[in-house]
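Enquirer: Coordinates only, no sequence provided:
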């Protein structure tokens, strides 16, 4: 994980890209980021997205909370809140499942490449 202000331009499996900037980072607890300049369908719906990923101990396991806040383009809020919402929920559920799979698969191994694997495959 980079430091606050770190910017990247990841390319996803479908060829789309986005500008990603780390905006907050608390070691072993959470990070937040913003996404802008989408090259996929989101470029027609949102000016940006703020994401936050929190990891907290929960009994013998871990509670993961991943939230997204869309910054809709003018006149697009209804699309994001209506027909887009269930599609996004399914996408994020699958992405989170992929994160968990990668983390569990790499348990007790070198985890240096986990974030890259999760980002590229989940996007």
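Expert: Done, it's in. Nothing here was measured: the structure is a model prediction, and the numbers come from that model.
Enquirer: Which residue ranges of this protein form strands?
Expert: Per DSSP state E, the chain has strands spanning 7-8, 19-26, 30-36, 46-58, 61-72. These are given in chain order.
Enquirer: Where among those is average confidence lowest?
Expert: Ranked by mean pLDDT, the strands of the chain bottom out at strand 7-8, which scores a mean of 72.
Enquirer: Each with direction, which strands does it pair with?
Expert: Counting by DSSP bridges, the strands paired with strand 7-8 are strand 19-26 (antiparallel).
Enquirer: can you give me the angle the strand it pairs with makes with strand 46-58?
Expert: If you take axes from the mean of the first three to the mean of the last three C-alpha atoms, to 10 degrees, strand 19-26 sits at 30 degrees to strand 46-58.
Enquirer: Can you give the distance from strand 19-26 to the centre of its chain?
Expert: Strand 19-26 sits 11 Å away from the centroid of its parent chain (C-alpha atoms, centre = their mean, to the nearest Å).
Enquirer: How about stretch 21-39?
Expert: Mean-position distance between stretch 21-39 and its chain equals 8 Å (C-alpha atoms, centre = their mean).
Enquirer: Stretch 97-108 now?
Expert: How far stretch 97-108 lies from its chain's middle: 16 Å, per C-alpha atoms, centre = their mean.
Enquirer: contacting residues around the residue nearest the centre of the chain?
Expert: In the chain, the residue lying closest to the centroid (C-alpha atoms, centre = their mean) is residue 51, at 6.0 Å. The neighbourhood of residue 51, defined by C-beta atoms under 8 Å, 6 or more residues apart in numbering, consists of 32-35, 66-69. Glycine gets a C-beta too; all of them are placed from N, C-alpha and C.
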